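# After the sequence you'll find the predicted model.
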Amino acid sequence: MKILSKIVKLAIFFNLTTSSLFAFSNEKSDTNESTIKNGAVMVNFVAGTAFMASVCTDLGCSSFKFVGQSVKVPLSEGQEVCVSIYVLPGVSTDIYFKKLNNKNDTINFWGMTAAEHFNYTENVEFKLREANHGFANPYCRHLNYKK
């Protein structure tokens, strides 16, 4: 239990020290689909989520999100969104999705670290799930976002 406590404290410290590095201007907690503009994707961390994650696009990454939180991401057809699930400092599981058209979409996440689950609407395509290790670019390294 002490190790878990130390990991949580380290995760909180890591979040506080890195959250200012990634500007994500479209970050919101609005889950009402009727308020999503055309071409947007709502990424929700629904009941049963037992991990923290960042949502990344080519514009950058959000701060860490937890159960009950959401991020609205404006995307055009062909663009990608990546959800980076925090494991340890410098270690994440990155899950990429591609937008198939300009309709509104939803991606829901739940589960635990290393046992995450997700579902998504038909206008989004699952692309890739990979483990990511390294401090140089710890989140969604396949996206060419501005740091």
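Cool, got the structure.
# show me where the protein has helices.
Taking DSSP state H, the helices of the chain run over residues 2-18.
# what stretches of it score poorly on pLDDT?
Within the chain, the ranges that satisfy pLDDT under 70 run 1-38, 135-138, 144-147.
# so where do the strands sit in it?
40-50, 53-57, 60-61, 70-74, 80-88, 91-99, 105-112, 115-120, 124-133 (DSSP state E).
# what's the most buried one of the ones you listed?
Counting by mean count of other C-beta atoms under 10 Å, strand 53-57 has the highest mean neighbour count of the strands of the chain, with a mean of 26. C-beta: built from backbone N, CA, C; applies to glycine.
# could the strands of the chain be laid out in TSV, adding distance to Leu143?
Formatted as TSV, those follow (distance: least, C-beta to C-beta, whole Å):
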stretch	distance to Leu143
strand 40-50	14
strand 53-57	6
strand 60-61	9
strand 70-74	12
strand 80-88	6
strand 91-99	8
strand 105-112	16
strand 115-120	18
strand 124-133	11
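# Spit out the contact partners of Asn44.
Counting by C-beta atoms under 8 Å, 6 or more residues apart in numbering, Asn44 touches 31, 69-70, 106-109.
# Thank you kindly, that will do.
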